[in-house]
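In: have a look; sequence and predicted model below, questions after that.
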Amino acid sequence: MDHHSIGFLHPGAMGVSLAASAVASGHKAYWASEGRSDATRTRADMYGMTDTESIEALCANCSIIVSVCPPHAADQVADEVIGHGFEGTYVDANAISPHRSKEMGIRFAQSQITYVDGGIIGGPAWQPGTVLYLSGEYSESIASCFVDGVLETKIISKSIGDASALKMCYAAYSKGSMALLSAIVAVSEQLGIRDSLEAQWELDEPGFSQQTHERIIRVTKKAWRYAGEMEEIASTFESVDLPNGFHLGASEVYQRIADLKDMEIDPSISEVISRLSAEC
C-alpha cells in the first residue's frame, strides 16, 4: 500500500476523526494552524497531526487534501487550495449540493487537480457506523486511505456529484425532520396546547415527548452548521424542479437557535422554545 501525506482542512470534530482513521491506515495527517482556534490545535495535537502552519505549506507537502468544513466555506477553501498551486487529489467531503460539487470539480480540472466528491453520513468516526461516500474516477485511491481505520468508505459511482446527492437526500430527512419537530413544539407552546400534544404523542409512542425534548436540546450544538446544510438541500431540490420551501424554513429554524451553541451548559427545552418563537 502506498503511504500518503494527507492534509485535512480543517480538523474540527469530524475532520480530526477522519485524520485518525488515515493515521491508523498508515498515512501521515497534516493540518494548517494559521487562523485556527486553540480548540482545533488541541484536537490536532491529540491525534498526532503535523502542523504545516500555512495552507500554502500544506499544499506543498501533501499529495491528498480532504476538506471538511461548514457548507458556506467550501468554495473559499477550495479556491485557496487552487490558488496555492496544489498538484494532488482534492476531496470535498462537505454537505454541499451535487451541482455545486460538479462546478467545483470543473474548477479543479481546469487547474489539473484530481477531484473526488465526498459525503459523510454519521457522526465523528470514533465508533463503527460513519460512512464516507465517494464518487468520481479517483474514488478508489481515496477509499484505500482509510482501510484500517474506524471510518467506512463506500464508492457510489464514477460521476462527480453522486456522493453529495446522497448526502443531501439523506440529511433532507434526518436533519430536516428534526427542524420540523422543533418548530412543531414551539408552535404548540405558542398556541397553548403543548401539554395536550405531548400527551397524544405519549399515547402513540411512550417516551416520544422526552426523546424529542432531548433531541431538540442536542441539536442546538450543531444548528449553526445545519442552517447552511438546509440551504444546500433546498438548492438541490430546486435544481430538479421540486419545492424547496420546506428546507428553507428548516434553515430559518436552525438559524434561530444557532447561537445557543455558545452556552456553557445545555439550554432547557423552555429556552429553546423561547428562542424559536422569537422573531429574528
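Out: Right, received. Where do you want to start?
In: counting by contacts, list what the helix or strand bottoming out on mean pLDDT in the chain packs against.
Out: Ranking every helix and strand in the chain by mean pLDDT, DSSP states H and E puts helix 38-46 at the bottom, with a mean of 90. Judged by 3 or more CB pairs under 8 Å, 6 or more residues apart in numbering; DSSP states H and E, helix 38-46 is in contact with helix 13-24. For the C-beta atoms, the positions are set from N, CA and C on the backbone; glycine is no exception.
In: now the angle from the helix it packs on to helix 38-46?
Out: Per axes from the mean of the first three to the mean of the last three CA atoms, to 10 degrees, the angle that helix 13-24 makes with helix 38-46 is 20 degrees.
In: so how far is helix 13-24 from its chain's centroid?
Out: Its chain's C-alpha centre and that of helix 13-24 lie 14 Å apart, by CA atoms, centre = their mean, to the nearest Å.
In: could you pull up the mean pLDDT of whichever helix or strand comes after it?
Out: Using DSSP states H and E, the next helix or strand after helix 13-24 towards the C-terminus is strand 28-31. Strand 28-31 shows a mean pLDDT of 97.
In: which residues sit against the least confident helix or strand of the chain?
Out: Residues from elsewhere that reach helix 38-46, judged by CB atoms under 8 Å, 6 or more residues apart in numbering: His10, Pro11, Gly12, Ala13, Val16, Ala19, Trp31, Ser33, Asp51.
In: which residues of the stretch 101-250 of the chain fall in strands?
Out: 114-121, 131-135, 152-157 (DSSP state E, counting those that start in this stretch).
In: can you redo the ones you listed as TSV with mean pLDDT, mean neighbour count and distance to Leu203?
Out: Compiled in TSV, these are given as follows (pLDDT from 0 to 100; neighbours: other CB atoms under 10 Å; distance: least, CB to CB, whole Å):
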stretch	mean pLDDT	mean neighbour count	distance to Leu203
strand 114-121	98	24	33
strand 131-135	98	23	36
strand 152-157	98	17	39
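In: ok, Ser25 to Thr153 distance?
Out: Ser25 sits 11 Å away from Thr153, going by CB to CB, to the nearest Å.
In: and stretch 164-183, end to end?
Out: 27 Å (CA to CA, to the nearest Å).
In: sorry, slip of the keys, the one I care about is stretch 108-118.
Out: Using CA to CA, the end-to-end distance of stretch 108-118 comes out at 15 Å.
In: point out where the stretch 51-200 of the chain drops to low pLDDT.
Out: Along the stretch 51-200 of the chain, the model assigns pLDDT under 70 to no residue.
In: related to what we said a few turns ago, only the buried subset of the contacts of helix 38-46, as a PyMOL command please.
Out: Buried members of the contacts of helix 38-46, defined by 16 or more other CB atoms under 10 Å, are picked up in PyMOL with:
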select buried, resi 10+11+12+16+19+31+33+51
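In: and which of the contacts of helix 38-46 is nearest to Glu198?
Out: Distances from Glu198 to these, taken as CB to CB, are shortest for Ala13 (31.6 Å).
In: from what I see, the closest one and Ile120 are in contact.
Out: No. Ala13 lies out of contact with Ile120 (CB atoms under 8 Å); the separation is 11.5 Å.
In: returning to that earlier point: just the buried residues of the least confident helix or strand of the chain, please?
Out: Within helix 38-46, judged by 16+ other CB under 10 Å, the buried ones are Thr40, Arg43, Ala44.
In: and for stretch 165-180?
Out: So stretch 165-180, judged by 16+ other CB under 10 Å, has buried residues Ala165, Leu166, Lys167, Met168, Tyr170, Ala171, Ala172, Lys175, Gly176, Met178, Ala179.
In: just stretch 102-110 next, same as before
Out: Buried residues in stretch 102-110, counted by 16+ other CB under 10 Å: Lys102, Met104, Gly105, Phe108.
In: and for Gly245, the neighbour number?
Out: Number of residues near Gly245 (other CB atoms under 10 Å) recorded here: 10.
In: picking up where we left off before, between the buried residues of helix 38-46, which is closest to Ile269?
Out: Lowest distance from Ile269 to these (CB to CB) belongs to Arg43, with 29.9 Å.
In: please list the outside residues in contact with stretch 171-185.
Out: 95, 121, 194, 197, 212-213, 215-216, 219, 226, 229-230, 233, 236-237, 246-247, 249-251, 253-254, 257, 269, 272-273, 276.
In: what about it, distance to the chain center?
Out: Taking mean C-alpha positions (CA atoms, centre = their mean), stretch 171-185 and its chain are 16 Å apart.
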